[in-house]
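> Give me coordinates for this.
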Amino acid sequence: MEIWYGAEQVPADLKDPGGPGSVVTVGVFDGVHRGHQAILARVVERTRLAAGPGGRRPRAIAVTFDPHPAAVHRPQARLSMIASLADRLESLAGTGLDAVLVVHYTLEFADQEPEEFVRDWLEGLLGAKAIVVGDDVRFGRGNSGDADTLRQIGRADGIDVEIVADVLAPSGRRWSSTWVRRLLQEGDLRGAAHVLGHVHRLRGTVIHGHRRGRELGFPTANLDAATAGVVPPDGVYAGWLVRSPKAGVVGGAAGEERLPAAISIGTNPTFDDVPDRTVEAHVLGRADLNLYGEVVVIELVERLRPMLAFDGLEPLLAQMRQDVLDTAAVLGVPVPGPIRPEDVTAV
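This is a model prediction of the structure:
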């Protein structure tokens, strides 16, 4: 999948009369949940149905925005993205799209009339032959454009517009990013994974901590929770640490390394020198990992317990050993042997 960061990177031949043209969808696609996936699948399907002699077909393209429009219009709300832009793009790549255009969202961009956005960006820039969106679509100045507006523009310009009705869960509830955020805030990782269609992921750079874990025989890779994505409540989780140049690709990526991990989120209340929330991943049975400065993905599978304060090291160590056992059971991996502090080789 090609990624275009701005209009200047879009191939000029898309809009040429003899060019391939495109089937386009538009949205933030935060989390790329099951509702998004249904719309994206329809975009890809329409390009295949439109294939001509020799297999020539329009290109399947999604237009997305960074930062989130809500962060621009209501910065005081401090909306956390479910997924980083990198994870969003990697999830979009897994849907079969040919390309994604990332538009830098600004107040100036938002001030366009709905007709201006459709005709300049979707038709003029991307050569849209068809546009596929959900029935809650909003675009243009003050979100004044909606599904009816898009249909009217399509009729006037000869562009086929398909409005996809709400995609519902078996319970009858609409799949949505709001639903995912609520589940994550409640610590319901399995529920969030059900809505997303994949486990929730955090992404960040491994930073230096207090090195207390390595001294106790539980070395950890530490991420700053403020930069990792939507972080669920404090507690201990079972999951995976994924490392590779393309960590986090839905369905896996060639060369990636997925390591079972017990993950602690919070400030570690047993000690009083951790003022900020961190995400600490202890890879089961590994004392040889040197991850400092590396960008990794943390996949959260299940919450094991809340964060607790312990009266001394012995009860803390006993609980950490139990966390390792519980993590291995949840992930279906062998229980590792203990790690001696002197065997930890990370610097």
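> Residue 114 against residue 142, yeah?
No: using C-beta atoms under 8 Å, residue 114 is not in contact with residue 142; the gap is 9.6 Å. Heads up, the C-betas are built off the backbone N, CA and C, glycines and all.
> Just want to know which of the two has more residues nearby.
residue 114 (20 against 11; other C-beta atoms under 10 Å).
> Now do the contacts for that one.
Contacts for residue 114 (C-beta atoms under 8 Å, 6 or more residues apart in numbering) come out as 139-141, 144-145, 149-150, 153.
> cool, and residue 282?
213, 218-220, 261-264, 320, 324.
> how about it, secondary structure?
Under DSSP: H, G, I helix; E, B strand; the rest coil, the three-state class of residue 282 is strand.
> what sits up against the helix or strand harbouring residue 4?
Per DSSP states H and E, residue 4 falls inside strand 2-5. Here strand 2-5 makes contact (C-beta under 8 Å, 6+ apart) with 10, 89, 98-102, 104.
> What about those, which are in strands?
99-102, 104 (DSSP state E).
> Please tell me which one of those residues counts the most neighbours.
Counting by other C-beta under 10 Å, top hit in those: residue 101 with 24 neighbours.
> Looking at the chain, which helix is longest?
With secondary structure taken from DSSP state H, the chain has its longest helix at helix 313-331.
> which residues of the protein fall in strands?
Under DSSP E, the chain gives strands at 2-5, 22-26, 59-66, 99-104, 128-134, 160-164, 200-205, 221-224, 235-243, 257-266, 278-283, 295-306.
> what about residue 199, neighbour count?
Neighbours of residue 199 (other C-beta under 10 Å): 17.
> Tell me if I'm right that it and residue 299 touch.
Yes: if you go by C-beta under 8 Å, residue 199 and residue 299 touch, sitting 4.7 Å apart.
> If residue 305 is in a bridge, with which residues?
residue 236 (DSSP bridges).
> Confirm for me that it is in contact with residue 236.
Yes: counting by C-beta under 8 Å, residue 305 does reach residue 236; the two are 5.2 Å apart.
> So for those two, which residue has more residues nearby?
Per other C-beta under 10 Å, whichever of residue 305 and residue 236 has more neighbours is residue 236, with 23 against 12.
> From residue 203, how far off is that one?
For residue 236, the distance to residue 203 (C-beta to C-beta, to the nearest Å) stands at 20 Å.
> Residue 70 too?
Counting by C-beta to C-beta - residue 70 and residue 203 are separated by 20 Å.
> mind listing the helices for the stretch 101-250 of the chain?
Per DSSP state H, counting those that start in this stretch, the stretch 101-250 of the chain carries helices over the ranges 107-110, 114-117, 147-157, 177-185, 189-196, 212-216.
> And the pLDDT at the nearest residue to residue 107 once chain neighbours are set aside?
Excluding its sequence neighbours, the residue lying closest to residue 107 (C-beta to C-beta, 6 or more residues apart in numbering) is residue 72, at 6.3 Å. We have a pLDDT of 94 for residue 72.
> Not counting its neighbours along the chain, what's nearest residue 179?
residue 195 (5.5 Å).
> and stretch 311-322, how far out from the chain's middle?
Stretch 311-322 sits 34 Å away from the centroid of its parent chain (C-alpha atoms, centre = their mean, to the nearest Å).
> what sits up against it?
By C-beta under 8 Å, 6+ apart, the residues outside stretch 311-322 that reach it are 216-218, 262, 270, 282, 308, 310, 338.
> Can you give me the buried ones in that stretch?
Buried residues in stretch 311-322, counting neighbours by 16 or more other C-beta atoms under 10 Å, are found at 316, 320.
> how about the CA coordinates for it, as CSV?
The C-alpha trace of stretch 311-322 is given here as CSV (Å, rounded to 0.1, in the frame of the first residue of the first chain):
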residue,chain,number,x,y,z
ASP,A,311,4.3,-4.1,52.2
GLY,A,312,7.8,-5.0,51.3
LEU,A,313,9.7,-6.8,48.6
GLU,A,314,8.8,-10.4,49.4
PRO,A,315,5.0,-10.1,48.9
LEU,A,316,5.8,-8.0,45.7
LEU,A,317,8.1,-10.7,44.3
ALA,A,318,5.6,-13.4,45.1
GLN,A,319,2.9,-11.5,43.2
MET,A,320,5.2,-10.8,40.3
ARG,A,321,6.0,-14.6,40.0
GLN,A,322,2.2,-15.2,40.0
